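Trainee: Predicted model and sequence follow; I will ask about them next.
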Amino acid sequence: MAAHADRFGAVSRQIWESPELGFHETRSSALLQQELRANGFDVTGGVAGMPTAFTASFGSGSPVIAILGEFDALPGLSQKDAPAQSPVVAGGPGHGCGHNLLGSASALAAVAIKEEMQARGLKGTIRYYGTPAEEGGGGKIYMIHAGLFQHVDAVLAWHPSDTNEVNLHSMLANNGGKFRFYGVASHAAAAPERGRSALDGAMIMLNAVEFLREHVPQETRIHYIISNGGSAANIVPAFAEVSLIARNPDAQTLNGIWERIMKCAQAGALASETRMEFVQGTNYSNVLPNDTLSEVLGRAMRKAGGYEFTPEERQFAAEMQKTLDAPVRKPGPEKVQVDKSEGFGSASTDVGDVSWVVPTGQFVAATFVPGVGAHTWQAAACAGSSVGRKGMVVAARTLALAAVELFENPAEVQAAKAAFQERLAGRHWTTRIQADSPPPLDYAVK
Ligand SMILES: [Zn+2]
Ligand SMILES: [Zn+2]
């Protein structure tokens, strides 16, 4: 591990320096593929109809242990590795979710696992999944549809955060899309009676959604923008578009809420005498935690341990924390928290979909200064700093120790499968993304 940590730290920095949006991670994906190939992995690029998706395998036969990697950036979060807001390119993309670290740490772990397998003669396959466009494009869903997760025995995944933590937390199921209203244009003052406003359709829909908000379970999230509201105030808008996402801890509950949101949209069209068309967007499942893999990861993270800030890093952290809006009540990166608490993170991920088809264990590592949340300039700054790279090594060590334990002890893999069935409780993975629908390769630049 130590032999490769600097190299993959540099890889993470290189990806951070040229942030690429989902499905456009050409350089990032190529760099990770090149590093894995150079380390003896058998790499297949452009899988599942996505140019930047790839798999990299070492070994043969079972068990097949998979490690997930992501490398897409976020729009508008360009940021220098400094504790003050300062974009490299104003309005440009940036690694505000730390996926430069996510993809690189997972690759570092894969290489370390491979060397351990060779050294100890461990049987099985270690496979890295290069999964594009986690931030809305859902690359993993298309990889599942393409059958790439068949015959995988267990998946290990992690995410950058401001603490080192293993627990049984889940993430919200989400569904989103565009509601397009088509009306009739006319002069808004001279002939308003001849027009049918698509914007009226959108606004009636959203008013209905606001009333609906009173009658959905507490944990539900519904958020939207009017992505097109017409072109000029003196023209009755012939076209309007609402971009909306809804979330709930349970995919089935969310389906019920979604039916009611569709009725709100239909009501908007009916009342405004416009036509409504729905275009499916993101649909992610909630994460199904795995009790066995969580225990394996907990042991691994305790062994991996946290890390200490240098005086310079402590200074960096203190300055950054002054820019946060709330007092910081988080443990430092030297702490490792392992527990069996269940709960829901308020975001969503396509790791959720994977967790419904293969036993999946995940955890977070302290790549961000305590108190810093994802999707912020502060997170983007940390992802390019030595703090991010130290957290990345904690993640890689944890992944590697856990995977080696699974290769050494096939009974753990069987136990993970039993735990998976118990959580599934007879249910199975469903998605609104059709098996034959092509990946939305242009989603991020729309
Ligand atoms: Zn994110
Ligand atoms: Zn993320």
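Mentor: Structure received. Ligands and ions are numbered 1, 2, ... in the order given.
Trainee: mind listing the helices in the stretch 51-200 of the chain by residue range?
Mentor: Along the stretch 51-200 of the chain, counting by DSSP state H, counting those that start in this stretch, helices occupy 99-120, 139-145, 198-212.
Trainee: For residue 433, find the nearest of those.
Mentor: helix 139-145 (5.1 Å; CB to CB). To be clear about C-beta, it is placed using only N, CA and C from the backbone, and glycine gets the same treatment.
Trainee: in that closest one, what's buried?
Mentor: Using 16 or more other CB atoms under 10 Å as the test for burial, helix 139-145 gives 139-145.
Trainee: again, but for stretch 421-440
Mentor: Buried positions in stretch 421-440, judged by neighbour count with 16+ other CB under 10 Å: 423, 429, 431-433, 439-440.
Trainee: Relative to the lowest-mean-pLDDT helix or strand in the chain, what are the paired strands and their orientations?
Mentor: Lowest on mean pLDDT, DSSP states H and E among the helices and strands of the chain sits strand 337-345, with a mean of 91. When sheet partners are counted by DSSP bridges, strand 337-345 sits next to strand 165-171 (parallel).
Trainee: Give me the residues contacting the partner strand.
Mentor: 249, 284, 286-289, 291, 294, 297-298, 301, 336-345, 347-349, 351-352, 363-364, 398 (CB atoms under 8 Å, 6 or more residues apart in numbering).
Trainee: And residue 34, how far from residue 417?
Mentor: 34 Å (CB to CB, to the nearest Å).
Trainee: what's near enough to touch residue 230?
Mentor: By CB under 8 Å, 6+ apart, the neighbours of residue 230 are 197-199, 236-240.
Trainee: how does it look with 10 Å?
Mentor: 183, 185, 188, 197-199, 202, 236-240 (CB atoms under 10 Å, 6 or more residues apart in numbering).
Trainee: which residues of the protein score low on pLDDT?
Mentor: 444-446 (pLDDT under 70).
Trainee: any chance you could map the strands in it?
Mentor: Taking DSSP state E as the criterion, the chain carries its strands at 42-45, 54-60, 64-69, 124-130, 154-161, 165-171, 173-182, 221-228, 239-248, 275-284, 337-345, 360-366.
Trainee: what's the distance between residue 311 and residue 429?
Mentor: Distance of residue 311 to residue 429, given as CB to CB: 49 Å.
Trainee: I should have written residue 73 there, sorry.
Mentor: Distance, residue 73 to residue 429, by CB to CB: 28 Å.
Trainee: Equivalent analysis for residue 437, please.
Mentor: Taking CB to CB, one finds residue 437 at 16 Å from residue 429.
Trainee: What is the burial count for residue 238?
Mentor: Number of residues near residue 238 (other CB atoms under 10 Å) recorded here: 19.
Trainee: show me what contacts residue 139?
Mentor: Contacts of residue 139 (CB under 10 Å, 6+ apart): 22-23, 25, 47-48, 50, 52-53, 70, 72, 129-133, 350, 439.
Trainee: Tell me how far it lies from residue 286.
Mentor: Residue 139 is 18 Å from residue 286, by CB to CB.
Trainee: swap in residue 266?
Mentor: Distance of residue 266 to residue 286, given as CB to CB: 27 Å.
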